[in-house]
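**Student:** Structure for this input, please:
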Amino acid sequence: MLGLLGPTASGKTNLAIELAKHYDLALISVDSAMVYRSMNIGTAKPKPEILQKYPHALVDVVEPETSFTVSEFIQLADEAVRNSFVKNKTPLLVGGTMMYFKAFREGISPLPPRDPEFRKQLQERAQTQGVPALHRELQSIDPEACRKIHPNNYPRIERALEIYSQTSTPMSQFLKENAGIPAVRRLKCEYVEFALTHQRREELHERVKKRLEDMLVEGFAEEVKQLRKRQGLSASSSSMRTVGYRQLWEHFDKSPESTITESIKERILVANRGLIRRQMTWLRNWASLPNYNQINQPPTLNSMENLFESACVQPVARTESMSK
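**Tutor:** Predicted coordinates for the structure are as follows:
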């Protein structure tokens, strides 16, 4: 079982697809935005013809109106890994959502299920009282969890209050008392990760800038306009907190028919730079983990083959020579 990690625009998806041409891999997306349907351009989701030829599990699994939790990700990822073993394929988890990778690797506490009625009531309160009011309520219940949650991050506030309503235990305490099960124990196999760390931050910034221009040409702004027409979808939805979508949504809130200006582009680029900084911090902090390999040079098929072999990854079935 393999993991391929890296910051945004580092070439993870392209490398995974190239590896899938040569190894008998089952690709599993670890991307908190690609799980949503109808969010294609702004997430840099692989084209339909690519997904048809090289399927990615956990792409297009929920509608953007639906919140998607870390525990749901782990459940689906574990299921995808087991399915790959049945098909005698090696699972390759690929993406840049570091929180998902950490949760998959270490496991998380088994959390209570969603409570639709509680969520409905809480959403009504959020509309009348405002999300910061709910954050203040959480502060009185669970100050430790509250320190890690932004006052406007409604999905996380909702989940923390929901857990407390069902267990009468603050979420931070509940998580400490209910330890998760690591992936190697859940799935009974070795897990080896490869992190793309070879690019300088400035290079990634330039790649992100070029990619944003390409996205806008492909119709990113129109994609957001279409999403804004969906009933039940709002700026507070988890899906719309994705970098790019959030900034464009707020831009169109001010002027629905306005054109894309350099200032809104810069806002998106600033958000991307912040995301890259956080992703690289995660990767640096994991450098000493066992079975964790940093790729500090531009990866090639041959170098990845050597890494696979040096890590004693089994089974990996080559479909053609990697030296070609």
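**Student:** Quick check: S71 touching L111?
**Tutor:** Yes. With contacts counted by CB atoms under 8 Å, S71 reaches L111, the gap being 5.1 Å. For the C-beta atoms, the positions are set from N, CA and C on the backbone; glycine is no exception.
**Student:** OK, contacts around S236?
**Tutor:** A126, V131, N152, Y154, P155 (CB atoms under 8 Å, 6 or more residues apart in numbering).
**Student:** cutoff 7 Å now
**Tutor:** Shown in contact with S236 (CB atoms under 7 Å, 6 or more residues apart in numbering): V131, Y154.
**Student:** got it, and S29?
**Tutor:** Taking CB under 7 Å, 6+ apart as the criterion, S29 is in contact with H56, A57, L58, V59, V94, G95.
**Student:** Would you state the strands of the protein in chain order?
**Tutor:** 2-5, 25-30, 56-57, 90-95, 192-196, 292-295 (DSSP state E).
**Student:** could you dump those to TSV with distance to F101 and mean pLDDT?
**Tutor:** Listed next are those as TSV, based on distance: least, CB to CB, whole Å; pLDDT from 0 to 100:
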stretch	distance to F101	mean pLDDT
strand 2-5	6	96
strand 25-30	6	97
strand 56-57	15	98
strand 90-95	7	96
strand 192-196	8	95
strand 292-295	10	92
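**Student:** rewinding a little: for the contacts of S29, which one is nearest L307?
**Tutor:** V94 (14.6 Å; CB to CB).
**Student:** Contacts made by stretch 68-76 with the rest, please.
**Tutor:** Stretch 68-76 is contacted by residues V35, L58, V61, V62, M99, Y100, A103, F104, I108, L111, R159, S238 when judged by CB under 7 Å, 6+ apart.
**Student:** Please repeat the previous calculation with a cut-off of 6 Å.
**Tutor:** V35, L58, V62, Y100, A103, F104, L111 (CB atoms under 6 Å, 6 or more residues apart in numbering).
**Student:** Check which residues of that stretch are buried.
**Tutor:** Residues of stretch 68-76 classed as buried by neighbour count (16 or more other CB atoms under 10 Å): F68, T69, V70, S71, E72, F73, I74, L76.
**Student:** same question, stretch 206-224
**Tutor:** Those would be R207, V208, K209, L212, M215, L216, F220, A221, E223, V224, for stretch 206-224 by 16+ other CB under 10 Å.
**Student:** go on, stretch 229-238?
**Tutor:** Neighbour count says stretch 229-238 has L233, S236, S237, S238 buried, by 16+ other CB under 10 Å.
**Student:** Grab the longest helix from this protein for me.
**Tutor:** Selection of the longest helix in the chain by residue count, based on DSSP state H, yields helix 262-285.
**Student:** which stretches of this protein have low pLDDT?
**Tutor:** Low-confidence segments of the chain (pLDDT under 70): 310-324.
**Student:** again, 50 this time
**Tutor:** Along the chain, segments meeting pLDDT under 50 span 314-316, 320-324.
**Student:** Please enumerate the helices of the stretch 151-300 of the chain.
**Tutor:** 154-167, 171-177, 183-186, 201-218, 220-228, 245-254, 262-285 (DSSP state H, counting those that start in this stretch).
**Student:** among these, which is the most enclosed?
**Tutor:** Compared across the helices of the stretch 151-300 of the chain, helix 154-167 shows the largest average neighbour count, a mean of 20 (mean count of other CB atoms under 10 Å).
**Student:** if I pick A103, what's in contact with it?
**Tutor:** V70, I74.
**Student:** Could you rerun that using 8 Å?
**Tutor:** Applying CB under 8 Å, 6+ apart, the residues near A103 are V70, F73, I74, G180.
**Student:** Tell me which two of these sit farthest apart.
**Tutor:** F73 and G180 (12.7 Å).
**Student:** wait, which of the buried residues of stretch 206-224 is closest to T300?
**Tutor:** R207 (18.3 Å).
**Student:** Check the burial of the nearest residue to the closest one once chain neighbours are set aside by counting its neighbours.
**Tutor:** Among residues not flanking R207 along the chain, A9 sits closest, at 4.0 Å (CB to CB, 6 or more residues apart in numbering). Around A9 there are 22 other residues, counting by other CB atoms under 10 Å.
**Student:** Kindly provide the distance from A9 to I276.
**Tutor:** Distance of A9 to I276, given as CB to CB, to the nearest Å: 8 Å.
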